[in-house]
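A.B. asks: let me see the structure of the following:
(chains A and B)
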Number of protein chains: 2
Amino acid sequence: MAEILSGKTVAQAAVNDVKARVDALLAKGVQPKLAIMRFGAEPDHVFYEKGAKRTCAQVGVACEVTELPADISEAEAINTLKRLNEDPSVHGILVLQPAPKQISAAALRYAIDPRKDIDGMSPINEAKVFEGDPTGFPPCTPTAVMEILRHYNIPLKGKKVVVVGRSMVVGKPAAMLLLGEHATVTICHSRTQDLPGEARQGDILVAAIGRAKMITRDYVKPGAIVIDVGINVDENGKMCGDVEFEGACEVASMITPVPGGVGSVTTIVLAKHVARAAEMA
Amino acid sequence: MAEILSGKTVAQAAVNDVKARVDALLAKGVQPKLAIMRFGAEPDHVFYEKGAKRTCAQVGVACEVTELPADISEAEAINTLKRLNEDPSVHGILVLQPAPKQISAAALRYAIDPRKDIDGMSPINEAKVFEGDPTGFPPCTPTAVMEILRHYNIPLKGKKVVVVGRSMVVGKPAAMLLLGEHATVTICHSRTQDLPGEARQGDILVAAIGRAKMITRDYVKPGAIVIDVGINVDENGKMCGDVEFEGACEVASMITPVPGGVGSVTTIVLAKHVARAAEMA
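C.D. replies: Presented below is the predicted three-dimensional model:
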C-alpha cells in the first residue's frame, strides 16, 4: 500500500513559513493584501474564495473581494482590474476564472500587472515560467505540486516525470517547473498513443487531465510516486481526482489523495505569493 | 541507409511561398523590411547576417543593418532598438545574439516590440509559443524544424518525440510547437539519467544539445526520424551537427544533414516572419 502524501501536512508547514514572512512585513509597517475579483457568484468561485480568505486570515494576509455583476462589460472589468493594479495597498490580485463569456481571458491576462499577478495568468509570468526565471509567479496549482514534492524530499534531478495534461494552468507550467529541477519530463495528453504505456515510464506521475478516475493502476509504474491534480465529481456525487485511488495505491509507493492532496496546498501558495509580492513592492 | 531530409529543398519551396506573399504586399504599396541590429563584427554574426540578407534579397524583403560599436552602453542600445520599434518602415527586427556583456539580454527582450520580434525573443512571443497561440513569432530555428517535418509530411499527432536540449532558442519552443501538433513530447537534457535509452523512445528525435556528434547510433530507435539542430565544429575544424551522422544514418529512416539541414531553413523562416509582420501591420 502506497504512503499517503498529505497536502494538509504540507499546507500546515507552509502556513508557519508564510506567517513568519507576513510578520516580518507587518513589523516594517506593510500589511500584505490580496484583492480577489469575482464575477457573479458561481458556487465553485465562492467555494475557492472562502478557502483563500480562510488561509489568508491564518497567516495575516488581508483579503478584499470585489464582486462584479456577471453581466459587466469587458471595458468595465478591465477598468476595475487596472484600479487594483494601481492601488498601492494591494499586493496581489486573483481573478476568479473562468470570467463570463463577454470578457476575453486574453484581455484580463494582458491587463493585470505582472508584479501583482500571484496566480500566474499574465504573459510575462507565463514567459518567466517557460524560461525558468524564478522571479515570476507560476500558477498556484503546479506550484502546489512542487511544494508537495519538496516537502517530502522527493528527488527530481534526472528522474523521469510524466505529466498527463497540457493545460496552461497545470500541465505545461508543471512540466517547466519540473524541468527546472532537472527532471526528464514527458508531456502526455488525450491524443497520446498508448497513454498507459507512456504513463508507466514515470518514476513520478502527475495526473492533470481533468477526467474522474481515468488514471487506473495500469498507468502506474510499480513503486512510482503519483501526484493527482484532478478535482472532479464521481458517479456518486463524491469529490475525486483523476486517479483511481484504490487501484493506484496498490501499485504506487506514494500518492496524494483527493481531497486532502494538491488542492489543500493551493491557497497557502496563493498567500505565499502575496507575501512575496509585498516583499518585492 | 536513412533518407536525407534536405533543408535546402524545404528552403527552396518556402522561397516561392514567401516571394508570393511579398509580391502581394508590394502590389499594395508595402515594402516589407527587416532591420538587423549587430554589435561589433563577431564572425558568427557577420556570417548569419550575410545569409539573412541573401535570403531577404531572394524574396524581395528589404534588409537594413544597424551596426553598433561593441562597447555601446545598454541605454544607447535600447534607444536604437526603440527607434526601430517606432519606425513604420521597419516590419521586423533581428538583434544578433549574444549581445556584448554590458547589455543585458533581458533588457533587449523586454524592449523589442513583440509585433516586430520576428525571432521570438520577447516575453510576449515566448508566452504565445508556450500557450500554443499561433499569432506569436516562435524563434526561427524551432520553426525551421517544424517546416522540415511539414514539408516531408511527417505525421506528428500521437507520435513520440524526444527533444534533447532545453534552451529557450531551440529545445523548449520546439517542444511546445510539437505539442501543438499533438505529439507526445519528452524533453531530455544533460542531467537525464540514461539519455541514450530515453532518446531511443523517440519516433522522432530532435537533437539540440550543442555538442558535436554526441548523439551516436545508440541514441536512435531503429526507423526513427532524426532532426539535427546542432551547428558545431568537429576535431578537424569541419562543421558538424549534434548527431554522429554516419552511424545514425544506419539506424534512422530519415535524417537531416549538417550542413544542409535545419540551418538552411532558418533564414527563409526569418523572411517569412517579416512578411507576416508586414501583413499584420
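A.B. asks: distance check, A:Thr135 against chain B.
C.D. replies: Noted for A:Thr135: a distance of 10 Å to chain B, by CB to the nearest CB, to the nearest Å. Every residue, glycine included, has its C-beta placed from N, CA and C.
A.B. asks: list the contacts of that residue.
C.D. replies: Neighbour list for A:Thr135: A:Lys128 [criterion: CB atoms under 8 Å, 6 or more residues apart in numbering or on different chains].
A.B. asks: for A:Glu147, which three-state class applies?
C.D. replies: Under DSSP: H, G, I helix; E, B strand; the rest coil, A:Glu147 falls in the helix class.
A.B. asks: wait, it touches A:Asp17, no?
C.D. replies: No. Judged on CB atoms under 8 Å, A:Glu147 makes no contact with A:Asp17 at a distance of 10.2 Å.
A.B. asks: ok, and what's touching the one helix or strand A:Lys8 maps to?
C.D. replies: Using DSSP states H and E, A:Lys8 sits within helix A:7-27. For helix A:7-27, contacts defined as CB under 8 Å, 6+ apart pick out A:31-32, A:55, A:58-61, A:144, A:147-148, A:151-152, A:256-257, A:260-265, A:267-269, A:271-272, A:275-276, A:278-279.
A.B. asks: helices - which of those residues land there?
C.D. replies: Using DSSP state H, A:55, A:58-59, A:144, A:147-148, A:151, A:267-269, A:271-272, A:275-276, A:278-279 are the members of the contacts of helix A:7-27 that sit in helices.
A.B. asks: can you say which of these are buried?
C.D. replies: Buried residues within the ones in helices among the contacts of helix A:7-27, counting neighbours by 16 or more other CB atoms under 10 Å in any protein chain shown: A:55, A:58-59, A:144, A:147-148, A:151, A:267-269, A:271-272, A:275-276, A:278.
A.B. asks: and A:Arg160, backbone torsions?
C.D. replies: I think there's a mix-up here, since residue A:160 is Lys and not Arg. phi -90, psi 120 (degrees, to the nearest 10).
A.B. asks: now do the residue lying closest to A:Asp228 once chain neighbours are set aside, the pLDDT please.
C.D. replies: Distances taken as CB to CB, 6 or more residues apart in numbering or on different chains place A:Gly241 nearest to A:Asp228, at 3.7 Å, with adjacent residues excluded. Looking at A:Gly241, its pLDDT reads 98.
A.B. asks: now swap in the one 10 residues further on and tell me
C.D. replies: In the predicted model, A:Val251 carries a pLDDT score of 98.
A.B. asks: may I see the buried residues of stretch A:145-163?
C.D. replies: If you call a residue buried by 16+ other CB under 10 Å, then stretch A:145-163 has these buried ones: A:145-149, A:151, A:154, A:156, A:158-163.
A.B. asks: quick one: the strands in chain A, in order.
C.D. replies: Remark: strands assigned in chain A by DSSP state E are A:3-4, A:33-39, A:62-68, A:92-95, A:160-164, A:184-188, A:204-207, A:225-228, A:232-233, A:239-240, A:254-255.
A.B. asks: direction included, what does the second one pair against?
C.D. replies: Sheet pairing for strand A:33-39, assigned by DSSP bridges, gives strand A:62-68 (parallel), strand A:92-95 (parallel).
A.B. asks: and among those strands, the most buried is which?
C.D. replies: Ranked by mean neighbour count, these are led by strand A:92-95 with a mean of 26 (mean count of other CB atoms under 10 Å in any protein chain shown).
A.B. asks: for that strand, the distance to its chain's centre please.
C.D. replies: Offset of strand A:92-95 from its chain centre (CA atoms, centre = their mean, to the nearest Å): 13 Å.
A.B. asks: what does that strand contact?
C.D. replies: Counting by CB under 8 Å, 6+ apart, A:32-37, A:52, A:81, A:84-85, A:108, A:112-113, A:116-119, A:121, A:270, A:273-274, A:277-278 sit against strand A:92-95.
A.B. asks: one more time with 6 Å
C.D. replies: Strand A:92-95 has contacts (CB atoms under 6 Å, 6 or more residues apart in numbering or on different chains) with A:Leu34, A:Ala35, A:Ile36, A:Met37, A:Leu84, A:Leu108, A:Lys116, A:Ile118, A:Asp119, A:Val274, A:Ala277.
A.B. asks: can you pick out the most distant pair from these?
C.D. replies: Pairwise distances across the contacts of strand A:92-95 peak at 18.5 Å for A:Leu108 and A:Val274 (criterion: CB to CB).
A.B. asks: still on that earlier bit, from the ones in helices among the contacts of helix A:7-27, which are also near chain B?
C.D. replies: Checked against chain B using CB under 6 Å from any CB of the partner chain, the ones in helices among the contacts of helix A:7-27 give no members in range.
A.B. asks: more neighbours: which of A:Leu108 and A:Val274?
C.D. replies: Taking neighbours as other CB atoms under 10 Å in any protein chain shown, A:Leu108 and A:Val274 compare with A:Val274 leading, 32 against 20.
A.B. asks: pLDDT value on the closest residue to the more buried one other than its chain neighbours, please?
C.D. replies: Once flanking residues are discounted, A:Val274 sits nearest to A:Gly92: 3.8 Å by CB to CB, 6+ apart. At A:Gly92, the model reports a pLDDT of 98.
A.B. asks: which strand residues bridge A:Gly92?
C.D. replies: A:Leu34.
A.B. asks: now for the ones in helices among the contacts of helix A:7-27: which two are most distant?
C.D. replies: A:Ile148 and A:Ala278 (24.5 Å).
A.B. asks: find the centremost residue of chain A, please.
C.D. replies: The residue lying closest to the centre of chain A (CA atoms, centre = their mean) is A:Thr141, at 1.2 Å.
A.B. asks: what residues are up against that one?
C.D. replies: So A:Thr141 contacts A:Val170, A:Thr266 (CB under 6 Å, 6+ apart).
A.B. asks: I'd like the distance between it and chain B.
C.D. replies: 16 Å.
A.B. asks: can you pull the contacts of A:Gly120?
C.D. replies: Contacts of A:Gly120 (CB under 6 Å, 6+ apart): A:Phe137, A:Pro138, A:Pro139.
A.B. asks: same question, A:Gly180
C.D. replies: A:Gly180 makes contact with A:Gly132 under the criterion CB under 6 Å, 6+ apart.
A.B. asks: how far away is it from A:Asp133?
C.D. replies: 9 Å (CB to CB, to the nearest Å).
A.B. asks: which bits of the stretch 101-250 of chain A sit near chain B?
C.D. replies: Residues of the stretch 101-250 of chain A lying close to chain B (CB under 6 Å from any CB) are A:123-124, A:126-127, A:130-131, A:157-158, A:166, A:168, A:179, A:182, A:184-188, A:191-193.
A.B. asks: so of the residues you listed, which ones are in helices?
C.D. replies: Among these, the members falling in helices (DSSP H) are A:Pro123, A:Ile124, A:Glu126, A:Ala127, A:Phe130, A:Glu131, A:Leu179.
A.B. asks: domains in chain A, by residue range?
C.D. replies: Per automatic domain parsing, the domain ranges recorded for chain A read A:29-115, A:140-264.
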